[in-house]
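K.L.:
Here you go, sequence then predicted model.
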Amino acid sequence: MVQSTLNRLFARLLSLASIALFALISARLVAQDKRYIAVVLLVLVGFGVPALLSRRRMRRLLISGDVPRILGTWQGSLRRVTYPETMAPLMTATAYAAYGFIDAARNALSRAARGPAWDAAVEQRLFVEALLDVYEGERMSAMNKASELEQLPLPPAGFWMRRKIALLRRGIAAMTRAFAHESRVGDEVVLSRAGKSSPLVHWAMRYARAIFLVDNGRKDEALELLASAPPWPAESAFNAFHDELVRQIG
């Protein structure tokens, strides 16, 4: 795990160094001849646009809730991940849990090898287990795990990634409270921001937010949130949540 962290850190440093070098060269070229501005812009577009389009496609896929397709796009990463006997099943469980597939997530967790990688992946395990506890009606257990998740030290990542992780943790905590009908002031904002920041949990956060709205008498807003939901299969807990919320609103 230490080696993996060092490799990621080295990759980030190399990326930053490359960006800095490109900026320096570009600035010198433009200073010599303004016509180089067009060349620099073309290079930026050539590298930036495909990456932006790729992120948008992935975001749309994650919001679609199509778990088989999502896992299909992850296959390459699952094969290359460090400690695949542990992390591949855990990542698979994460995808299933994010969309309410309780049995599939539990089965994936059962296939994950226990050992150093399992112990080190405490954050991801708490994330998955908190979601599954919510779906299974274990509200207190879910809130306890979400609280434990929030208290973990943030990983040694960049500033924006640390903010993203912290927001996701707060979102999971707000979600567990919403399903337990114990929401706090400000939870709606956290749920909304977490769902936008991490599209993998878009629908988990949206159903929690719908519960918050119903509990606060804002049924029309809750119905609007649910209007664009995909047709969840019977295996997903979201199928039952959706029907129950629509009945309550009606």
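P.N.:
Good, I have the coordinates. Numbers count the residues shown, from 1 in each chain.

K.L.:
Quick check: which ranges of the protein have low pLDDT?
P.N.:
Applying pLDDT under 70 to the chain flags the ranges 1-55.

K.L.:
Mark out where each domain of it begins and ends.
P.N.:
By the assignment in automatic domain parsing, the chain contains the domains 2-62, 97-107+122-249.

K.L.:
Now render the ones you listed as CSV, adding mean neighbour count and distance to V81.
P.N.:
C-beta: built from backbone N, CA, C; applies to glycine. CSV is the format used below for the domains of the chain (neighbours: other Cβ atoms under 10 Å; distance: least, Cβ to Cβ, whole Å):
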stretch, mean neighbour count, distance to V81
domain 2-62, 11, 9
domain 97-107+122-249, 18, 12
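
K.L.:
could those domains go into CSV alongside distance to I70?
P.N.:
Formatted as CSV, the domains of the chain follow (distance: least, Cβ to Cβ, whole Å):
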stretch, distance to I70
domain 2-62, 6
domain 97-107+122-249, 8
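
K.L.:
and the residue lying closest to E221 once chain neighbours are set aside, how far is that from R57?
P.N.:
Ranked by Cβ to Cβ, 6 or more residues apart in numbering and with sequence neighbours excluded, the top spatial neighbour of E221 is L213, at 4.9 Å. Distance of L213 to R57, computed by Cβ to Cβ, to the nearest Å: 30 Å.

K.L.:
Same question for K164.
P.N.:
20 Å.

K.L.:
same thing with V189?
P.N.:
28 Å.

K.L.:
L71 too?
P.N.:
16 Å.

K.L.:
Which of the domains of the chain sits closest to G76?
P.N.:
Among these, domain 2-62 comes nearest to G76, with 13.2 Å by Cβ to Cβ.

K.L.:
Now F101: phi and psi?
P.N.:
Backbone geometry at F101, expressed as degrees, to the nearest 10, gives phi -90, psi 90.

K.L.:
Run a quick check on it versus G65, I expect a contact.
P.N.:
No - F101 is beyond contact range of G65, at 10.2 Å (criterion: Cβ atoms under 8 Å).

K.L.:
name the element T176 belongs to?
P.N.:
helix 159-179 (DSSP states H and E).

K.L.:
got the angle for the helix or strand following that helix vs helix 159-179?
P.N.:
The helix or strand immediately downstream of helix 159-179 is helix 187-197, counting by DSSP H and E. Counting by axes from the mean of the first three to the mean of the last three Cα atoms, to 10 degrees, helix 187-197 lies at 130 degrees to helix 159-179.

K.L.:
can you give me how far helix 187-197 is from the chain middle?
P.N.:
From the chain centre to the centre of helix 187-197 is a distance of 12 Å (Cα atoms, centre = their mean, to the nearest Å).

K.L.:
which helices and strands sit right next to it?
P.N.:
helix 159-179, helix 202-215 (3 or more Cβ pairs under 8 Å, 6 or more residues apart in numbering; DSSP states H and E).
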